[in-house]
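Peer 1: Build the 3D model from these lines:
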Amino acid sequence: MRRRDFVSGVGAATLTAASYSRIRGANERIGMALIGSGRRGREVMKAFLTTGRVELRVLCDIYDVQRQRAKSMLLASGESVHETDAHEEAIARSGVDAVLIGAPDHLHLSLTQAALRAGRHVYLEKPTSHHFEERAAFIEAVKRSGRVCQTGTQQRSGTHYIRAKEEIFARGRLGRLVFARAIWHDFPWQRRKIEPQPKPAGLSWERFLGPAPKVAYDWIRYDSWRYFPDYGGGLLADILTHWADVAQWMMNDARPLSATAGGGIYQLNDGRVNPDTVNAIIRYGGNGNGPWNLTFESSVLSIRNDRPGILFEGTDGTLELTRAGYVFQPNRGEAVEVRAEGSLEVAHAANFLDAIAKGSTPSAGIEIGLEACRPVHLARAAYWKGHQMVMDASGTRISVVP
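Peer 2: Take a look at the predicted model:
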């Protein structure tokens, strides 16, 4: 018979974000600006409001429709918030202590630098960096500011992930571990048919482009920016970042050595450039514990995927680790199942707020966020170059295998 353990989570999800926001007095809460109020930005901001420790003071987005959607989702009837399409105004606004950056990947560095220069704490959605060369600039900006910067790999704050680290990996219960297999499929939002449309009056195209190449307005580039390497890395950034971070954390090894990757647009010939289906194999040195491989497969297509996560395969057992919990199956003995409860989003938001209030170290600081991007940049380079790519010993240079 399988033994079951249950893990208590953080926060209840039954009350609305708006009702939670009134649990404490306004002068006890951290004032936040949301920069990038699209679908993901709204989800994370809702988690912050759910903690009861935050007041949303500024909504910033380059598209007025997205700002209205955020107001409808996050604010109670009659509640007001300052709105702007200019991040400079949002960051400078009185009463803003921290900034949640939910903007497209290519804007992450410039927005983070601006917020930190202004003395704001930063919660930055993943992936931290869009270009491999941005690493030093991120580290310097955070170090110089003295402010808290939390990156959006929320598994780092999950109780059952921490428990797996302490009870399975720290005790060596998997034996010699060679393979970590990460899978996540089926993303309906990225299969939508995007029809062309004239530029909306309330959309600031130049602000959307930011440091990206200057091109003429094209609705699909805005509405589905993840399809285009200029703005996002697609599945190799959106999804691999999460699972690579978990694998590197569990294995105490954040230095990938090489990667190969393949895939393509297998079905969705709709104007996208990033692949709708991809595989990658990333090799690690083992940090003194012997080499191991992280294999990754992901597709936007409607491939059944009941439990997206990572399967760790060792000589003494296996561990299936997902957001729903984990199952440890030793080669000899009884299986152990741990279920997750509560919200990873709320737990990660609370961890960030604790770091601000108590001066503690955030669970996914800037170094961790950038380490999670190393295998992403390595795999992306392998995919686009069509060759095996290697990373040098310093972790600062990627090149083609001779």
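Peer 1: Just confirm Asp85 contacts Ser204, I think it does.
Peer 2: Yes. With contact defined as CB atoms under 8 Å, Asp85 counts as touching Ser204 (5.1 Å). No exception for glycine: its C-beta is placed from N, CA and C like everyone else's.
Peer 1: shared neighbours, the two?
Peer 2: Contact with both Asp85 and Ser204 is made by residues 62-63, according to CB atoms under 8 Å, 6 or more residues apart in numbering.
Peer 1: who has more neighbours, these two?
Peer 2: Remark: of Asp85 and Ser204, Asp85 carries more neighbours, 18 against 15, as counted by other CB atoms under 10 Å.
Peer 1: Next, the contact list for the more buried one, please.
Peer 2: Asp85 neighbours (CB under 8 Å, 6+ apart): 60-64, 67, 202, 204, 207.
Peer 1: How about Lys71?
Peer 2: 59, 81, 83.
Peer 1: Equivalent analysis for Arg120, please.
Peer 2: 33, 91, 96-99, 147.
Peer 1: Now flag whichever of the residues you listed is closest to Ser394.
Peer 2: Checking the contacts of Arg120 against Ser394 by CB to CB gives Arg147 as the nearest, at 26.8 Å.
Peer 1: Name the nearest residue to that closest one, sequence neighbours excluded.
Peer 2: His121 (4.8 Å; CB to CB, 6 or more residues apart in numbering).
Peer 1: Which phi and psi values does the one you found adopt?
Peer 2: Dihedral pair for His121: phi -70, psi 150, per degrees, to the nearest 10.
Peer 1: Now do it against Ser145, distance only.
Peer 2: 9 Å (CB to CB, to the nearest Å).
Peer 1: about what we covered before: buried members of the contacts of Asp85 into PyMOL, please.
Peer 2: Buried members of the contacts of Asp85, defined by 16 or more other CB atoms under 10 Å, are picked up in PyMOL with:
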select buried, resi 60+61+62+63+67
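Peer 1: which ones among the contacts of Asp85 are found in helices?
Peer 2: The members of these that map onto helices under DSSP state H are 64, 67, 207.
Peer 1: low-scoring stretches of this structure, by residue?
Peer 2: Low-confidence segments of the chain, defined by pLDDT under 70: 1-27.
Peer 1: Longest helix of it, counting residues only.
Peer 2: The chain, longest helix under DSSP H: helix 366-385.
Peer 1: Now it - C-alpha only, CSV.
Peer 2: Extracted in CSV, the C-alpha atoms of helix 366-385 (Å, rounded to 0.1, in the frame of the first residue of the first chain):
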residue,chain,number,x,y,z
ILE,A,366,18.9,37.4,-9.3
GLU,A,367,21.7,34.8,-9.4
ILE,A,368,19.2,31.9,-9.2
GLY,A,369,17.1,33.5,-11.9
LEU,A,370,20.1,33.9,-14.2
GLU,A,371,21.3,30.4,-13.5
ALA,A,372,17.9,29.1,-14.6
CYS,A,373,18.5,30.9,-17.9
ARG,A,374,21.9,29.3,-18.6
PRO,A,375,20.4,26.0,-20.1
VAL,A,376,17.7,28.1,-21.8
HIS,A,377,20.2,30.1,-23.7
LEU,A,378,22.4,27.1,-24.4
ALA,A,379,19.4,25.1,-25.8
ARG,A,380,18.1,28.1,-27.8
ALA,A,381,21.5,28.5,-29.4
ALA,A,382,21.6,24.8,-30.2
TYR,A,383,18.2,25.0,-31.8
TRP,A,384,18.8,28.0,-34.0
LYS,A,385,22.4,27.1,-34.9
